[in-house]
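Q: Fold the following and give me the result.
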Amino acid sequence: MDFKNVFRWHLPFLLLLGLFSLPATAANTLLILGDSLSAGYNLPLAEIWPTRLANQWQKQPGHPQVINASISGDTAAQGLARLPALLQQHQPRWVLIELGANDGLRGFPAPDIQRDLGKIITQVQQAGAKPLLMQIHIPPNYGRRYTESFSAIYPALAKQFSIPLLPFFMEQVAIKPQWMQDDGLHPNQDAQPFIANWMAQQLEPLVNHESP
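A: Presented below is the predicted three-dimensional model:
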């Protein structure tokens, strides 16, 4: 048998098979995994900051597509449960993790919150994407010990996994009553343009002009 001819005739098939065997590459996509702060509680979808950010970046070459997978009320555990399907569907290059506020407001133990967020980060990394963690703070009326232990979760995880830690945009919003809804927890429609621009400034050094 002439193995040279066999190899020559089968080479295109082998190359094609190799292409199908390669893992799917990450899309130029930023997936936002968050709660009501990113889902836009009580607000029109067209007005919330992730939509505004997506529209802004769509006009700027080199910026990723923004997919907002945030759901109001989600805890870290609920975000974790949704994550595998989201990673498979969107194959993002970056995942912004904005979760934990609902856990803190419900007084969940800090170690449990840290465990669930850590699992999210691990799954994102295992999928070949880059996690971006947002610092979250809760109101001080939960007591100093709990609020401090809660806030400490985020820098600890950022250090453990060597990932970026983004500042909490609500620190810039909550100080302005005219930007808050009546519940005192959620930003209103007037705050959304500011949040979108502020988040763009925080995210651009992390996601723009990176090699695939």
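Q: What count of nearby residues applies to Ala46?
A: Ala46 has 10 neighbours, counted by other CB atoms under 10 Å. (Each C-beta comes from the backbone N, C-alpha and C, glycine too.)
Q: Helix, strand or coil: sort out it for me.
A: What DSSP: H, G, I helix; E, B strand; the rest coil gives for Ala46 is helix.
Q: What of Leu80?
A: helix.
Q: Report the contact partners of it.
A: Leu80 makes contact with Asp116, Lys119, Ile120, Gln123, according to CB atoms under 8 Å, 6 or more residues apart in numbering.
Q: swap the cut-off to 7 Å and go again
A: Counting by CB atoms under 7 Å, 6 or more residues apart in numbering, Leu80 touches Asp116, Lys119, Ile120.
Q: Quick check: it vs Ala110, distance?
A: Computed with CB to CB, to the nearest Å, the distance linking Leu80 and Ala110 is 16 Å.
Q: returning to that earlier point: adding pLDDT, secondary structure and neighbour count, write the contacts of Leu80 out as CSV.
A: Output for the contacts of Leu80, formatted as CSV (pLDDT from 0 to 100; DSSP: H, G, I helix; E, B strand; the rest coil; neighbours: other CB atoms under 10 Å):
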residue, pLDDT, secondary structure, neighbour count
Asp116, 98, helix, 21
Lys119, 98, helix, 15
Ile120, 98, helix, 23
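Q: For the residues you listed, please prepare JSON lines with the additional fields distance to Tyr154.
A: Output for these, formatted as JSON lines (distance: CB to CB, whole Å):
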{"residue": "Asp116", "distance to Tyr154": "13"}
{"residue": "Lys119", "distance to Tyr154": "15"}
{"residue": "Ile120", "distance to Tyr154": "12"}
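Q: List just the nearest of those to Gly143.
A: Asp116 (21.6 Å; CB to CB).
Q: How about the closest one: what's its closest non-neighbour residue?
A: Leaving out its chain neighbours, the residue that sits closest to Asp116 by CB to CB, 6 or more residues apart in numbering is Ala76, at 3.8 Å.
Q: per-residue confidence for the one you found?
A: Note for Ala76: predicted pLDDT of 98.
Q: wait, doesn't Gln202 sit right on Leu166?
A: Yes. If you go by CB atoms under 7 Å, Gln202 and Leu166 touch, sitting 5.1 Å apart.
Q: Pull the contacting residues for the spatially most central residue of the chain.
A: What sits nearest the mean C-alpha location of the chain, by CA atoms, centre = their mean, is Leu96, with 1.7 Å. By CB under 7 Å, 6+ apart, Leu96 lies in contact with Leu30, Ile32, Leu33, Leu132, Met134.
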